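In: no letters, just coordinates:
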């Protein structure tokens, strides 16, 4: 009986925490939109400017996919994403912005970038891709 | 003291935390070691997908004075990802590969953001000599938010209880992540060192 109570209590607590974080995220997103996201060629990529600049420094002629990912809350979570995309011979480099929940993938210029393929790979890793934008450097 | 402590650390580095991330990314291998006053164990698992892992654990159980190997299976029952958080609920089980009848089953859950962590673990353990349950709870926070690839540090409070002694032990521990490695160190006066190490391949 005590065990059933413990399990029910634990699961209820988790659901409550999730629900609270969902509201918290909506508030955070609205307040951050105006001061921390960068615009490249008029597009809002929502990435940290310094991190993005470092990433693209030697990538002239490449295509960069900026993907919004849910559930990437720690280094361990993101490690699988990096390893998965680095197996792709069209990928030059991969970076992760944990603060903004973004994955940056630099592809060779001639590559075809498929959002469905990227989404599938990220889902297979246990996270969810919600948005992608591609920038030609 | 120095040599014994170093030897202990080296032995622990060859094993892994059973509590952290029981399933890896697809195709990932994980090596875990754990050493505390109840057990020493080395556990290696493979995750064909992010939904489950299978592995073998070699354990020295100090409570029942026994050594045995377990074939373990962990299944991710439910995961919820949001922009700021991830919540997981796992089913875990294992049974002995040796002649004795050791086995366990239970659930493990965690919820974390980049700043906060809460987790619990419940196991029912059955052996020839006795049947008992174990409960573990963890809460923690990250004092700073590191970037990808940095050393990440967590300050945790851990509580463990088992039905044999019917006592709860609560103690602080530190958790460090760097790349594919995790190190967890806890200490209290009663149970001495609680040491976990994990490496992913």
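Out: Perfect, thanks for sending it. These figures come from a predicted structure and were not determined experimentally. Residues are numbered from 1 along each chain as shown, chains lettered A, B, ... in the order given.
In: what's the local residue count around residue 61?
Out: Using chain A here. Around residue A:61 there are 10 other residues, counting by other C-beta atoms under 10 Å in any protein chain shown. Placement of C-beta: from N, CA and C, glycine included.
In: ah, no, chain B please
Out: Number of residues near residue B:61 (other C-beta under 10 Å) recorded here: 16.
In: got it, and the one 10 residues further on?
Out: Residue B:71 is surrounded by 14 other residues when neighbours are defined as other C-beta under 10 Å.
In: got a list of what it touches?
Out: Residue B:71 sits next to B:54-56, B:94-97 when contact means C-beta atoms under 8 Å, 6 or more residues apart in numbering or on different chains.
In: beta partners of it?
Out: With DSSP bridges as the criterion, residue B:71 is bridged to residue B:56, residue B:95.
In: helix, strand, or coil at residue A:118?
Out: Using DSSP: H, G, I helix; E, B strand; the rest coil, the structure places residue A:118 in helix.
In: which of the contacts of residue B:71 has the most neighbours?
Out: Ranking the contacts of residue B:71 using other C-beta under 10 Å puts residue B:94 first, with 24 neighbours.
In: and chain A, split by domain according to the record?
Out: When chain A is parsed with automatic domain parsing, its domains come out as A:1-35, A:39-136.
In: show me where pLDDT drops low in the chain?
Out: As the question left the chain open, I've gone with chain A. For chain A, the stretches flagged by pLDDT under 70 are A:1-45.
In: actually chain B
Out: In the predicted model of chain B, residues B:1-21, B:99-100, B:190-191 satisfy pLDDT under 70.
In: which residues does residue 93 contact?
Out: All of this is about chain A. A:55, A:59, A:105-106.
In: actually, chain B is the one I wanted.
Out: B:72-74, B:103-106.
In: give me the subset of those that lies in strands.
Out: Residues of the contacts of residue B:93 located in strands (DSSP state E): B:72-74, B:103-106.
In: closest one of these to chain A?
Out: Within the ones in strands among the contacts of residue B:93, the smallest distance to chain A is 9.8 Å, found for residue B:106 (C-beta to the nearest C-beta).
In: residue B:165 versus the closest residue to that closest one other than its chain neighbours, what's the distance?
Out: Counting by C-beta to C-beta, 6 or more residues apart in numbering or on different chains, the nearest residue to residue B:106 once its immediate chain neighbours are dropped is residue B:123, at 3.6 Å. Using C-beta to C-beta, to the nearest Å, we find residue B:123 at a distance of 15 Å from residue B:165.
In: between those two, who's got more neighbours?
Out: Neighbour count, other C-beta under 10 Å: between residue B:123 and residue B:165, residue B:123 has more, with 19 against 11.
In: next secondary structure element downstream of the helix or strand encompassing the more buried one?
Out: When elements are assigned from DSSP states H and E, residue B:123 belongs to strand B:116-126. Once strand B:116-126 ends, the next helix or strand along the chain (criterion: DSSP H and E) is strand B:131-141.
In: quick one: residues in contact with that next one.
Out: A:3, A:6, B:19, B:106, B:110, B:115-125, B:154-164, B:175.
In: report whether the helix or strand that comes right after it contacts chain A.
Out: Sequence order places strand B:152-162 as the next helix or strand after strand B:131-141, per DSSP H and E. Yes: interface with chain A: strand B:152-162 contributes residue B:152 (C-beta under 8 Å from any C-beta of the partner chain).
In: so in that sheet, which strands flank strand B:152-162, and in what orientation?
Out: strand B:131-141 (antiparallel), strand B:167-178 (antiparallel).
In: so can I have a markdown table of the ones you listed showing distance to residue B:65?
Out: As requested, the strands paired with strand B:152-162 are exported to a markdown table (distance: least, C-beta to C-beta, whole Å):
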| stretch | distance to residue B:65 |
| --- | --- |
| strand B:131-141 | 15 |
| strand B:167-178 | 20 |
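In: mean neighbour count added to those, as TSV?
Out: What follows is the strands paired with strand B:152-162, written out as TSV (neighbours: other C-beta atoms under 10 Å in any protein chain shown):
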stretch	mean neighbour count
strand B:131-141	17
strand B:167-178	16
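In: what pairs with residue B:88 across the strands?
Out: residue B:79, residue B:110.
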